[in-house]
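Enquirer: let's see this in three dimensions:
(one chain, ligands or ions: 2)
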Amino acid sequence: MSEIEKNYEDFISTVSHELRTPLTSIRGFSQTMLSSWDKLDDESKKRFLKIIEDQSNRLINLVENMLSVTRISGGRENLIFKEINVKPVVETVVSILKNQYKNKNFQIEINEKTPPILADKDKFQQIITNLTENAAKYGDDTSPITISTEFCRNCEFVAIKISNYGIEIKKEDYERIFTKFSRIDNPLTRKVQGSGLGLYITKNLVEKMNGTIGVECKAEGSGRFLTQFEVLLPAADIEKQARAKCNL
Ligand SMILES: Nc1ncnc2c1ncn2[C@@H]1O[C@H](COP(=O)(O)OP(=O)(O)OP(=O)(O)O)[C@@H](O)[C@H]1O
Ligand SMILES: [Mg+2]
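Expert: Ligands and ions are numbered 1, 2, ... in the order given. Just a heads-up that it's a prediction; the model follows:
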């Protein structure tokens, strides 16, 4: 089998598996509701509908990611660059994810003086969504997920950092997780849904916006790890940024 055929087969088997899981639960819970409507109390009905809604959202995200992958490989990802304020985008993402991950503690630490970046707004939102959702999916329930910003590289770039406490990402996996369909095999990853596309798409989008992305994972004692993803994106206006830094 050629490399292309092998990749194609891997793609089909990952996609089919990923589509089947949410579809199976949507069908299962609708069938249960239809056949046992009179026996179910309102609470259970609500719970079942919530599962159907969550799984439908999962399907929509999955299809959105698939489309991004085909656009990336076909070079058809068109970006519209504008001056973007980081904070409102992060706030939007967190308010959406808060609804989905109710027991998570999201903390936004973004200084009002953070200069605007030059980026495509929708794609920037997709980047923040993918990274923050990963922090929610793979992080501890009790500790905070922090999204913060910093100035760096002589003020030409804004660093956006997303961190969470949880399981380890080993050094040898730092690069691999950004490739297509790669997931780290551990009990948690097996338990939560994912296609292994999020970080691949994220890295592609960041690089198309002339930025960089990296990850670092540090041991925090008693088997806990602090994982931090850092995205550097160009500031929209270097002079504006210099002034902001000096409070002018
Ligand atoms: N914050 C994190 N902590 C620990 N492991 C992580 C974290 N973020 C990503 N990973 C690991 O990297 C892998 C790749 O992440 P990626 O976002 O590309 O895929 P996914 O979350 O599995 O699926 P998708 O994002 O496509 O739904 C994950 O499966 C997980 O093993
Ligand atoms: Mg992901």
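
Enquirer: would you map the helices across the chain?
Expert: 3-36, 42-73, 86-100, 121-138, 187-191, 198-208, 238-245 (DSSP state H).

Enquirer: which positions in the longest one come out as buried?
Expert: To tie it back to what came earlier, the one meant is helix 3-36. Burial within helix 3-36, assessed by neighbour count using 16 or more other CB atoms under 10 Å, is assigned to 14-15, 18-19, 22, 25-26, 29. Bear in mind the C-beta positions are built from the backbone N, C-alpha and C, glycine included.

Enquirer: looking at the residues you listed, which one is closest to ligand 2?
Expert: Relative to ligand 2, the closest of those is residue 18; by CB to the ion it sits at 11.7 Å.

Enquirer: which stretches of this protein have low pLDDT?
Expert: 152-153, 239-248 (pLDDT under 70).

Enquirer: got the domain boundaries for it?
Expert: 3-73, 82-245 (automatic domain parsing).

Enquirer: possible to save those as a markdown table with distance to ligand 1?
Expert: Shown next, in a markdown table, are the domains of the chain (distance: least, CB to the nearest ligand atom, whole Å):
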| stretch | distance to ligand 1 |
| --- | --- |
| domain 3-73 | 6 |
| domain 82-245 | 2 |
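
Enquirer: among those, which is the most enclosed?
Expert: Comparing these by mean neighbour count (mean count of other CB atoms under 10 Å), domain 82-245 comes out on top with a mean of 17.

Enquirer: quick one: that one to chain centroid distance?
Expert: 7 Å (CA atoms, centre = their mean, to the nearest Å).

Enquirer: skipping its backbone neighbours, what lies nearest residue 57 in space?
Expert: Nearest in space to residue 57, with sequence neighbours left out and distances taken as CB to CB, 6 or more residues apart in numbering, is residue 100 at 7.2 Å.

Enquirer: report the separation between that neighbour and residue 126.
Expert: Per CB to CB, to the nearest Å, residue 100 is found 16 Å from residue 126.

Enquirer: who touches residue 230 in this structure?
Expert: 159-161, 213-216 (CB atoms under 8 Å, 6 or more residues apart in numbering).

Enquirer: list the contacts of the residue in the chain positioned nearest to ligand 2.
Expert: Using CB to the ion, the single residue of the chain nearest to ligand 2 is residue 198, 3.0 Å away. Counting by CB under 8 Å, 6+ apart, residue 198 makes contact with 65, 130, 133-134.

Enquirer: change it to 10 Å
Expert: Contacts for residue 198 (CB atoms under 10 Å, 6 or more residues apart in numbering) come out as 61, 65, 68, 126-127, 129-131, 133-134, 137, 177-178, 183.

Enquirer: what of residue 27?
Expert: 52, 55.

Enquirer: now it: how far from residue 201?
Expert: 28 Å.

Enquirer: isn't residue 17 up against residue 196?
Expert: No - judged on CB atoms under 10 Å, residue 17 makes no contact with residue 196 at a distance of 11.0 Å.
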